[in-house]
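> Build the 3D model from these lines:
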Amino acid sequence: RTWGFRRYKERKQEPQSHTRPARSEAATGEEKKKGRDGEDFDDRTARPSLTSLLCEAINKTQYIASTRLNKTPFQPQSSTTSTTPSAIMSTSAYYDELKSKGIMNVAMMTSGGLAPCLASSVAHLTQYWSQALKEGKIKGLTIRMYTDGYKGVLTGDSFLLAEDQWANAAQLHEVGGSPIGNSRVKLTNVKDCVARGYVKEGHTALETAAQQLLADHINVIHTIGGDDTNTQAAELSKYILEKHGGKIVVIGMPKTIDNDVIPIKQTFGADTAANQGALFFENVVSESTANPRMLILHEVMGRDCGYLTAATAKAYREKLKAHHFPPGFSTDVHTRDVHAVWIPEIAIDIEKEGKRLCDLMDKYGNINVFLSEGSGVKDIVKEMEASGQDVPRDAFGHVKLDKVNPGVYFSERLKGLVRAEKVLVQKSGYFARAAAANDFDRDLIGRCADVGVNEAIKGVSGCMGEDEEKEGCPIRPIEFERIKGGKAFDISQSWFQDMLKEIGQN
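This is a model prediction of the structure:
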């Protein structure tokens, strides 16, 4: 540095001209010196400027900090972009350089409610990214995990997964929940973000998140969540490109046990949740023997879509058929069967259903109703608002279903209609959604992760899934503008109609 500054001062004293003054052979000879490797070089023409020397020192220091101390990956400083020592390569140029060199700084985050797919998604994505590096599809790779969903992106709470741990990520397939934590944060709800301490007063969540991703030099981010999570990620990517010139590929992984994302045929975790809900009720149904004229309502998750309730009832009835009950006892396949399936897609005539179920109660001594938590919510909300009660809602404006208690609402109305002596409302949601992914979901997640990584390398963004609006229902990165929530369950499916006939529900 001392030598560089001395040469800098010497040059400042030289005549300011585009053409250097002629020098004598003697002078030239005196300035000829030996380089580090013994080669001759001209002191006046070969030595770097102070700016380039400083940039080289800064880059080396940041490289050591980022690679050896596990800090944020460094952004190279260039002596060609400015004449000042603090010159920094433009964001757009930096991202172009990363792409041209085949360097991928990959980030992952999980968001929203839990589902039996979060850990397996992280495991599969880590596997296919490390595989891409081994196969030479990319030249460099870092994998960063943002903790607690968008909260981690806003607050900078993240960690780099060490390379020697990439292979161990496969162990996450046996784990339920999220290995990096979730949160419910809406980036456009600035008031909520400020109130929760994620964003400073006067700042926007989009800008805060953008600055963090740019600081971490992320060029690919995997958002593992529902439609809200993935559409927010698309907006964030668009914002970064338009405002900062950063080019971040977003590959969404559609997590939701509701299976209600358009146009995705099957969302991650829904099949597992249905089977876990069936397992849950396989034990709960025994409570029907604890009291005469028992009414059991099995409340299943599903805000606007009845898929999970229907699929859970189907899975449970398949388990029930495998059981054999000795004749002559009061408990049998009929007393343990599903007697009603109430979902948002089917209008419920409570009086008519009450009469039908009362006849079954007289016959079997108990009733089992599978209820989607989204059923009747509109009616409940109307009643709460009419009575002046505050309707609890989350950051996205959704009604908090666990606070309005649809199960309790229907149990109170149905109890008198079927003349039940005792009522039991049981919710399988938290049990089902916290499970590890089953074989079906692991396979689906793996196929989507494989395609997603390869598409990310090509620079293509989208939400992974089986696109049921395309011929053959191919797995592909579906354009974010086509991703929407609120897909209704198709009640015309033969298996569902057959089930309704079998249980006597018309």
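> CA atoms for contacts and neighbours, from now on please.
Will do.
> Low-confidence ranges, the chain, go.
1-90, 383-384, 395-396, 401-404 (pLDDT under 70).
> Can you list the residue ranges for strands in it?
Secondary structure of the chain by DSSP state E: the strands cover 32-34, 40-42, 103-110, 140-146, 158-160, 220-225, 249-254, 294-300, 340-342, 366-372, 422-427, 462-466, 475-478.
> Tell me what angle the third one forms with strand 249-254.
Same thing as strand 103-110. Comparing the axes of strand 103-110 and strand 249-254 via axes from the mean of the first three to the mean of the last three CA atoms, to 10 degrees yields an angle of 30 degrees.
> hmm, who's touching strand 103-110?
Residues outside strand 103-110 that contact it (CA atoms under 8 Å, 6 or more residues apart in numbering) are 98, 118, 122, 138-150, 178, 180-182, 217-225.
> Could you check how far it is from the centre of its chain?
Taking CA atoms, centre = their mean, to the nearest Å, one finds the center of strand 103-110 at 12 Å from the center of the full chain.
> tell me the angle of it relative to strand 140-146?
Inter-element angle recorded for strand 103-110 and strand 140-146: 20 degrees (by the same axes, to 10 degrees).
> Just the angle for strand 103-110 relative to strand 220-225, thanks.
Using the same axes, to 10 degrees, strand 103-110 lies at 10 degrees relative to strand 220-225.
> Output strand 103-110 as PDB, restricted to C-alpha atoms.
C-alpha atoms of strand 103-110 as PDB (Å, rounded to 0.1, in the frame of the first residue of the first chain):
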ATOM      1  CA  ILE A 103     -21.900 -19.500 -10.100                       C
ATOM      2  CA  MET A 104     -25.200 -20.100  -8.300                       C
ATOM      3  CA  ASN A 105     -25.900 -18.500  -4.900                       C
ATOM      4  CA  VAL A 106     -29.100 -20.400  -4.000                       C
ATOM      5  CA  ALA A 107     -31.400 -19.500  -1.200                       C
ATOM      6  CA  MET A 108     -34.300 -21.500   0.300                       C
ATOM      7  CA  MET A 109     -37.200 -20.400   2.600                       C
ATOM      8  CA  THR A 110     -40.400 -22.000   3.900                       C
END
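> Parallel or antiparallel, list what pairs with it.
Strand 103-110 has the following sheet partners, assigned by DSSP bridges: strand 140-146 (parallel), strand 220-225 (parallel).
> With the last one instead?
Using DSSP bridges, the neighbouring strands of strand 475-478 in the sheet come out as strand 462-466 (antiparallel).
> wait, which of the strands of the chain is closest to A274?
strand 294-300 (9.2 Å; CA to CA).
> send the alpha carbons of the closest one over as CSV?
Extracted C-alpha coordinates of strand 294-300, given in CSV (Å, rounded to 0.1, in the frame of the first residue of the first chain):
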residue,chain,number,x,y,z
MET,A,294,-72.3,-39.9,20.8
LEU,A,295,-71.9,-37.3,18.1
ILE,A,296,-68.3,-37.0,16.9
LEU,A,297,-67.3,-34.2,14.5
HIS,A,298,-64.0,-34.6,12.9
GLU,A,299,-62.9,-31.2,11.8
VAL,A,300,-60.4,-31.3,8.9
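> Have a look at the protein and report its longest helix.
In the chain, assigned by DSSP state H, the helix with the most residues is helix 439-458.
> Next, the angle strand 103-110 makes with that helix.
Using the same axes, to 10 degrees, helix 439-458 lies at 140 degrees relative to strand 103-110.
> For helix 439-458, which residues meet the burial criterion?
441-442, 444-453, 455-457 (16 or more other CA atoms under 10 Å).
> What of stretch 324-334?
Of the residues in stretch 324-334, 331-332, 334 count as buried by neighbour count, 16+ other CA under 10 Å.
> could you pull out the helices for the stretch 251-400 of the chain?
Ranges of helices in the stretch 251-400 of the chain, per DSSP state H, counting those that start in this stretch, are 270-284, 307-321, 350-364, 377-386.
> mind checking which of those is nearest E201?
The minimum distance between E201 and the helices of the stretch 251-400 of the chain falls on helix 377-386, with 32.1 Å, by CA to CA.
> From the contact counts, what lies against the closest one?
Applying 3 or more CA pairs under 8 Å, 6 or more residues apart in numbering; DSSP states H and E, one finds that helix 377-386 contacts helix 401-404, helix 406-418.
> for the buried residues of helix 439-458, which one is nearest D467?
Of the buried residues of helix 439-458, the one sitting nearest to D467 (CA to CA) turns out to be C448, at 11.3 Å.
> close enough to count as contact, the closest one and G462?
No. Counting by CA atoms under 8 Å, C448 stays clear of G462, with 11.4 Å between them.
> Quick check: neighbours shared by these two?
Common neighbours of C448 and G462 (criterion: CA under 8 Å, 6+ apart): R476.
> I'd like to know how many residues surround I103.
18 (other CA atoms under 10 Å).
> mind starting the numbering at 401 from now?
Let's use 401 as the start, then, which means that last one is I503.
> Now do the residue nearest to it when sequence neighbours are not counted against T623, distance only.
Nearest residue to I503 in three dimensions, chain neighbours excluded: G540, at 4.3 Å (CA to CA, 6 or more residues apart in numbering). As judged by CA to CA, to the nearest Å, G540 and T623 stand 21 Å apart.
> repeat for L514
Separation of L514 from T623 (CA to CA): 14 Å.
> One more: A837?
Distance of A837 to T623, given as CA to CA: 18 Å.
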